[in-house]
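Trainee: When you get a sec, could you give me coordinates for this:
(one chain, ligands or ions: 1)
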Amino acid sequence: MQEKLREIQKNAKKQLENVKNQEELEKLRIELFSKKGALTAIMREMGAVAPEDRPKMGALANTVREELEGEFAQIKQKLNATAQEAKIIAEKIDVTMPGARRPLGKIHPLKQVERELCDIFLAMGFTVVSGPEVERDYYNFTALNIPENHPARDDHDTFYITDEILLRTQTSPVQIRVMEQKKLPIRIIAPGRVYRSDAVDATHSPIFHQIEGLVVDRGITMGNLKGCLEEFIRQLYGEDVKTRFRPHHFQFTEPSAEMDIACPKCEGKGCSVCKGEGWIEILGAGMVHRDVLLRCDINPDEYSGFAFGLGLERIAMRRFRINDLRLFHENDVRFLHQF
Ligand code: PHE
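Mentor: This next block holds a predicted model:
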């Protein structure tokens with residue numbers, strides 16, 4: 001029996017040395033210590049041992065069992081540590097690897113320019129307001145001194161929802177809506193989309209953008225108009241750019257003017273950029289017509305004002321050297337990501 005015990009111990013030690021993982025260790029543990037295990041089996045043979053030898057055998061069996069248990073515990077710990085280490089290595093993260101980048105969107109070039117222009121006016125004390133794109137004929141035309149059948153409507157052919165409701169052809173109807181509220185003085189700009197039924201080509205689109213401006217207060221003069229718009233141009237194009245005002249006609253301003261900047265390429269001589277003109281038209285403007293003030297219930301003998309309107313697309317096209325208006329609306333991200 002003693003030999004058998006030693007044999008079991010020797011075998012077990014040998015097998016323990018070769019155990020590679022927890023599963024093998026567990027298998028070996030069952031083979032030795034479980035109810036059907038080798039050590040349990042040999043204890044059953046204790047009955048066959050002579051009574052005087054039993055205490056000695058019992059003690060030996062216990063020692064063998066304890067020794068083996070100790071070794072099992074040790075190996076188990078070692079295996080645990082190795083497994084932990086392997087896990088750490090397997091799960092290691094290289095924090096210097098580039099991450100998965102999400103594609104970032106960009107502000108549309110037209111919106112960029114709109115914001116830039118609005119910022120200039122905001123710094124001058126203007127407030128940004130907006131009006132409806134689906135507008136009443138009255139606000140888009142009649143209230144702006146363009147009655148039904150007036151030839152000025154020919155330039156503003158647009159899309160009608162009903163006889164009375166249309167897509168606005170200009171941001172000027174916002175002037176009327178603001179003045180009707182009569183919170184004087186007024187100093188607003190109104191950026192937004194406008195519509196005209198033009199055929200699409202490199203310089204025309206049925207949808208385009210304007211920024212409207214309106215100032216109404218006591219004692220506003222043409223001098224204020226010029227000062228404000230010249231300052232705006234300086235902020236936009238720099239101190240040195242030359243400007244001029246040309247007499248013009250709008251139904252809802254009197255007097256009216258268009259403002260040009262000297263062509264940045266030829267400085268007034270005429271070239272391909274300005275199509276031989278030497279000047280580039282930037283905006284339309286004028287003193288708010290008496291009749292328009294009256295229609296909004298503002299006393300023209302007490303109050304006066306100036307208004308202006310500019311097109312965003314042409315400014316943006318020059319800014320970004322874009323030569324085809326259609327690109328703005330095609331939503332090609334390869335194009336849009338360049339700005
Ligand atoms: N609304 C005019 C246009 O579209 C521009 C304008 C605005 C002119 C304000 C004078 C005053 O042509």
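
Trainee: How confident is the prediction for the closest residue to Ile75 other than its chain neighbours, by pLDDT?
Mentor: In space, and not counting its chain neighbours, Ile75 is closest to Leu16: 5.7 Å by C-beta to C-beta, 6 or more residues apart in numbering. (Glycine included, C-beta is placed from N, CA and C.) With respect to pLDDT, Leu16 scores 83.

Trainee: For Leu16, list the residues it contacts.
Mentor: By C-beta atoms under 8 Å, 6 or more residues apart in numbering, the contact list for Leu16 reads 25, 28, 71-72, 75.

Trainee: Quickly name whichever of these is closest to Glu277.
Mentor: Leu25 (92.8 Å; C-beta to C-beta).

Trainee: count of neighbours near the closest one?
Mentor: 18 (other C-beta atoms under 10 Å).

Trainee: Likewise for Asn145?
Mentor: Neighbours of Asn145 under the rule other C-beta under 10 Å: 18.

Trainee: How about Phe208?
Mentor: Counted with other C-beta under 10 Å, the neighbours of Phe208 add up to 19.

Trainee: wait, isn't it in contact with Arg314?
Mentor: No. Counting by C-beta atoms under 8 Å, Phe208 stays clear of Arg314, with 9.1 Å between them.

Trainee: so Cys228 sits in a helix?
Mentor: Yes. Under DSSP: H, G, I helix; E, B strand; the rest coil, Cys228 sits within a helix.

Trainee: hang on, isn't it packed against Thr221?
Mentor: No. Using C-beta under 8 Å, Cys228 is not in contact with Thr221, being 11.0 Å away.

Trainee: Of those two, which one has the most company?
Mentor: Cys228 (19 against 11).

Trainee: So what's the residue count around the closest residue to Asn145 other than its chain neighbours?
Mentor: Leaving aside its chain neighbours, Asn145 sits nearest to Gln251 (4.1 Å; criterion: C-beta to C-beta, 6+ apart). By other C-beta under 10 Å, the residues close to Gln251 number 19.

Trainee: quick one: contacts for Gln251?
Mentor: Contacts of Gln251 by C-beta under 8 Å, 6+ apart are 144-146, 150, 152, 289.

Trainee: Quick check, pLDDT for it.
Mentor: Gln251 is assigned a pLDDT of 97 by the prediction.

Trainee: likewise Gly99?
Mentor: Note for Gly99: predicted pLDDT of 88.

Trainee: Then Ala86?
Mentor: 88.

Trainee: Look up which residues are beta-bridged to the residue in the chain that the ligand sits nearest to.
Mentor: Closest to the ligand within the chain is Gly309: 2.6 Å, counting by C-beta to the nearest ligand atom. Beta-bridge pairing for Gly309 (DSSP bridges): Glu212, Gly284.

Trainee: and it, how many neighbours?
Mentor: When neighbours are counted by other C-beta under 10 Å, Gly309 registers 22.

Trainee: Can you tell me how far it is from Thr169?
Mentor: Gly309 sits 11 Å away from Thr169, going by C-beta to C-beta, to the nearest Å.

Trainee: Would you map out the domains in the chain?
Mentor: According to automatic domain parsing, the chain comprises the domains 2-90, 109-336.

Trainee: now do the same end-to-end measure for the first one.
Mentor: Pointing back at domain 2-90 there. Domain 2-90 has an end-to-end distance of 47 Å (criterion: C-alpha to C-alpha, to the nearest Å).

Trainee: for the longest one, same thing?
Mentor: End-to-end span of domain 109-336 (C-alpha to C-alpha): 7 Å.

Trainee: what does this structure have sitting close to the ligand?
Mentor: Residues of the chain lying near the ligand by C-beta under 6 Å from any ligand atom: 170, 172, 250, 253, 284-286, 307-309.

Trainee: One more pass at 8 Å, please.
Mentor: Taking C-beta under 8 Å from any ligand atom as the test, the list of the chain residues beside the ligand reads 156, 169-172, 175, 194, 210, 212-214, 250, 252-253, 256, 283-286, 307-311.

Trainee: Distance of the residue of the chain closest to the ligand relative to Leu214?
Mentor: In terms of C-beta to C-beta, Gly309 sits 10 Å off from Leu214.

Trainee: quick revisit: can I get the contacts of Leu16 in a markdown table including secondary structure and pLDDT?
Mentor: Shown next, in a markdown table, are those (DSSP: H, G, I helix; E, B strand; the rest coil; pLDDT from 0 to 100):
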| residue | secondary structure | pLDDT |
| --- | --- | --- |
| Leu25 | helix | 85 |
| Leu28 | helix | 84 |
| Glu71 | helix | 82 |
| Phe72 | helix | 83 |
| Ile75 | helix | 84 |
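
Trainee: Great, nothing more from me.
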